[in-house]
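Peer 1: Predicted structure and sequence below. I'll ask about it afterward.
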Amino acid sequence: MNTLPRADMVIIPVEKFTKYALNPAKDLDKSVAFERALGYNSGNIEKLIENIQVNLAKFPAKHKGNKGFGDIYEVILDLVGENGKTAKVLTGWIDDDSTGDMRLTTVYVDK
């Protein structure tokens, strides 16, 4: 199984959750999906980030190419949420050429 390179050293910006994925004012559909599927909301963002970090290396990474800024990857994780339910969470990553970091670029409940 090909896992995400340097999965143990990823950068997960909290802003991806506070400003987008778990922010109903910015993206109501994403925030409702996380709340319903896994029990995550703006009050327990850190637990979702930790869940992703702990489980990332357990799932295969799919290389999606390079658009000139670094290699892009997709990892779909089966996560057990705060509510005890399991859902697929799609994560997007870039191996950023300018910083050398493997950074989260997108995250959402995969329907």
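Peer 2: Sure thing, it's come through. Everything numeric here is computed off the predicted structure, so don't read it as measured data.
Peer 1: What is the burial count for the closest residue to Gly84 other than its chain neighbours?
Peer 2: Counting by C-beta to C-beta, 6 or more residues apart in numbering, Gly39 is the residue found nearest to Gly84 once chain neighbours are left out, at 7.8 Å. Quick note: C-beta positions are derived from backbone N, CA and C, even for glycine. Using other C-beta atoms under 10 Å, the number of residues around Gly39 comes to 17.
Peer 1: Gly39: what's it in contact with?
Peer 2: 81-85 (C-beta atoms under 8 Å, 6 or more residues apart in numbering).
Peer 1: and the two most separated of these?
Peer 2: Greatest spatial distance in the contacts of Gly39: Glu82 and Lys85, 8.9 Å, computed using C-beta to C-beta.
Peer 1: Now do the contacts for Ala87.
Peer 2: So Ala87 contacts 37-38, 78-79, 81, 109-110 (C-beta under 8 Å, 6+ apart).
Peer 1: Which residue of this protein lies farthest from its centroid?
Peer 2: The centre of the chain is farthest from one residue, Gly68, which by C-alpha atoms, centre = their mean lies 21.7 Å away.
Peer 1: List the ones among the contacts of Gly39 that fall in strands.
Peer 2: The strands, defined by DSSP state E, take in nothing from the contacts of Gly39.
Peer 1: Now the buried members of these.
Peer 2: Neighbour-count burial (16 or more other C-beta atoms under 10 Å) is assigned, among the contacts of Gly39, to Gly81.
Peer 1: Of the contacts of Gly39, just say which sits nearest to Leu104.
Peer 2: Nearest member of the contacts of Gly39 to Leu104, counting by C-beta to C-beta, is Gly81, at 17.7 Å.
Peer 1: Quick check: the gap between the closest one and Asn41.
Peer 2: As judged by C-beta to C-beta, to the nearest Å, Gly81 and Asn41 stand 11 Å apart.
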